[in-house]
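# The following block contains a protein sequence and its predicted model.
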Amino acid sequence: MAKAVRFYETGGPDVLKLEEVAVGNPGPGEVRIRHAAVGLNFADTYFRLGYYPAPLPNGMGVEAAGTIEAVGEGVTGFAVGDRVTYTGSPLGAYSTERVMPVGSLFKLPDGIAFETAAASTMRGLSAAYWLLKTNPWLKAGDTILLHAAAGGVGLIAVQWAKLLGLRVIGTVSTEAKAELARAHGCDEVILYRNEDLVVRVKELTDGVGVGTVFDSIGKDTYEASLKCLKRRGMLVGCGTASGPFPPIDALQMAIQGSVYFTRPALADFIADPAERAELSTALFDHVASGRIRIEINQRYALEDAVQAHRDLEAGRTTGSSVFIV
């Protein structure tokens with residue numbers, strides 16, 4: 001029997017239960033995957049809490065890497081023994097093995113380890129579409145503000161931004177996280193608990209502000225993020241770690257300097273096969289070459305899923321976190 005983490009009701013970390021499950025054979029357009037590593041993402045907590053609706057009971061997790069063990073009818077492009085990684089629906093990545101639709105899979109290059117893939121497929125694709133797709137005016141030489149710069153997506157985004165020739169101002173909560181962000185290329189780091197974010201950003205930009213803010217915190221940082229923008233700047237709402245963004249006041253956008261706000265979702269940037277291939281190829285090339293380093297600072301067993309979620313929500317993690325299966 002396989003093992004999987006499931007939840008029967010929404011709520012705190014304690015709703016997660018490790019169970020034995022029957023996986024079965026893949027149907028048409030599906031494959032069965034034996035997982036080697038599973039990604040732990042903040043988005044997982046949104047499903048657990050009910051912020052993202054999901055039918056119950058359900059599995060947990062959207063990202064993992066492993067080996068194909070069986071192939072269903074009509075599957076092309078994938079075979080038994082292929083190394084793959086994935087991010088996306090259906091839920092259920094927190095498991096030793098599972099059946100998945102081939103539309104969610106990426107072939108994993110031999111030079112990328114399973115742990116690295118599980119730690120970077122969702123995070124890396126997120127960093128890619130943030131930087132490459134959400135602000136069409138972003139260009140080399142521009143300054144960006146990146147919240148949670150020492151997190152899993154943050155560290156990838158910092159490195160990718162530097163490859164694009166951007167100046168990066170990052171926010172973190174502790175000096176240890178500041179050192180980590182600097183080590184990955186962050187030009188300036190603001191300890192948001194100790195400094196006035198808006199004042200410091202204006203000091204670092206000669207009073208102008210930044211052209212783009214990537215805000216994965218949400219409710220607690222939204223107002224300050226807007227004030228950090230220069231005229232006609234772009235606020236990219238990447239996540240809601242502190243709660244959802246408030247309703248948008250159109251007049252406030254004008255008063256702030258004709259600024260823009262967007263709340264993108266990864267699924268909409270990898271739905272088109274050509275765009276999906278573009279982003280994944282760029283990510284895997286950067287990771288395989290070492291131009292982007294994936295920092296895995298927490299490793300858990302599936303039976304530790306409750307503790308893993310507690311650590312994540314308490315801000316005790318840095319870089320990426322994975323479950324070793």
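Perfect, thanks for sending it.

# Show me what the lengthiest strand in the chain pairs with in its sheet, parallel or antiparallel.
Ordering each strand of the chain by length in residues (DSSP state E) puts strand 30-40 first. Next to strand 30-40 in the sheet, as set by DSSP bridges, lie strand 63-71 (antiparallel), strand 97-101 (antiparallel), strand 320-324 (antiparallel).

# Let's test this: mean pLDDT of it, rounded?
What strand 30-40 shows for mean pLDDT is 98.

# Now it: buried residues?
By neighbour count on 16 or more other Cβ atoms under 10 Å, the buried set for strand 30-40 is Glu30, Val31, Arg32, Ile33, His35, Ala36, Ala37, Val38, Gly39, Leu40. To be clear about C-beta, it is placed using only N, CA and C from the backbone, and glycine gets the same treatment.

# so which of the strands paired with strand 30-40 comes closest to Tyr52?
Closest approach to Tyr52 among the strands paired with strand 30-40 (Cβ to Cβ): strand 63-71, 14.4 Å.

# Could you give me the buried positions within the closest one?
Buried, per 16+ other Cβ under 10 Å, within strand 63-71: Glu63, Ala64, Ala65, Gly66, Thr67, Ile68, Ala70, Val71.

# Verify the contact between the first one and Gly39 for me.
Yes - using Cβ atoms under 8 Å, Glu63 is in contact with Gly39, at 3.4 Å.

# roughly how far is the longest strand of the chain from the heart of the chain?
Centroid separation between strand 30-40 and its chain, computed with Cα atoms, centre = their mean, to the nearest Å, is 17 Å.

# Could you do stretch 208-219 as well?
Here stretch 208-219 is found 16 Å from its chain centre; the criterion is Cα atoms, centre = their mean.

# what pLDDT, on average, does that stretch get?
Rounded mean pLDDT across stretch 208-219 is 96.

# repeat for stretch 312-324
If you average the pLDDT over stretch 312-324, you get 93.

# burial measure for Ile296, as a count.
Around Ile296 there are 18 other residues, counting by other Cβ atoms under 10 Å.

# meant to ask about Thr212
Neighbours of Thr212 using other Cβ under 10 Å come to 25.

# do Ala176 as well
With other Cβ under 10 Å as criterion, Ala176 counts 11.

# Just the endpoints, please. Distance across stretch 69-79?
Using Cα to Cα, to the nearest Å, the gap from the first to the last residue of stretch 69-79 comes to 8 Å.

# Can you list the buried residues in it?
Neighbour-count burial for stretch 69-79, counted by 16+ other Cβ under 10 Å, picks out Ala70, Val71, Gly72, Val75, Phe78.

# Then stretch 11-28?
Pro13, Val15, Leu16, Leu18, Val21, Val23, Pro26.

# Take the residues you listed and lay them out in a markdown table including distance to Leu191 and secondary structure.
Output for the buried residues of stretch 11-28, formatted as a markdown table (distance: Cβ to Cβ, whole Å; DSSP: H, G, I helix; E, B strand; the rest coil):
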| residue | distance to Leu191 | secondary structure |
| --- | --- | --- |
| Pro13 | 27 | helix |
| Val15 | 34 | helix |
| Leu16 | 32 | strand |
| Leu18 | 37 | strand |
| Val21 | 44 | strand |
| Val23 | 46 | coil |
| Pro26 | 49 | coil |
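
# ok, Gly218 to Ala178 distance?
When distance is defined by Cβ to Cβ, to the nearest Å, Gly218 is 21 Å away from Ala178.

# where along the stretch 151-300 of the chain do the helices fall?
Counting by DSSP state H, counting those that start in this stretch, the stretch 151-300 of the chain has helices at residues 152-163, 175-183, 197-204, 222-227, 250-255, 273-289.

# Just say which of these is most tucked in.
Highest mean neighbour count among those (mean count of other Cβ atoms under 10 Å): helix 152-163, with a mean of 26.

# how far off strand 320-324 does it point, in degrees?
If you take axes from the mean of the first three to the mean of the last three Cα atoms, to 10 degrees, helix 152-163 sits at 130 degrees to strand 320-324.

# orientation of helix 152-163 relative to helix 273-289 in degrees?
Using the same axes, to 10 degrees: helix 152-163 against helix 273-289 is 90 degrees.

# name the helices or strands packed onto helix 152-163?
Counting contacts by 3 or more Cβ pairs under 8 Å, 6 or more residues apart in numbering; DSSP states H and E, helix 152-163 is packed against helix 114-133, strand 143-146, strand 167-172, helix 175-183, helix 273-289, strand 320-324.

# Any chance of TSV for those, columns distance to Ser258?
Below are these laid out as TSV (distance: least, Cβ to Cβ, whole Å):
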stretch	distance to Ser258
helix 114-133	21
strand 143-146	18
strand 167-172	22
helix 175-183	31
helix 273-289	28
strand 320-324	37
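
# Can you say which of these is nearest to Ala254?
Closest among the helices and strands packed on helix 152-163, using Cβ to Cβ: strand 143-146, at 20.9 Å.

# Identify the contacts common to Glu63 and Gly39.
Residues touching both Glu63 and Gly39 (Cβ atoms under 8 Å, 6 or more residues apart in numbering): Thr87, Ala93, Ala118, Thr121, Met122.

# Fine, thanks again, bye for now.
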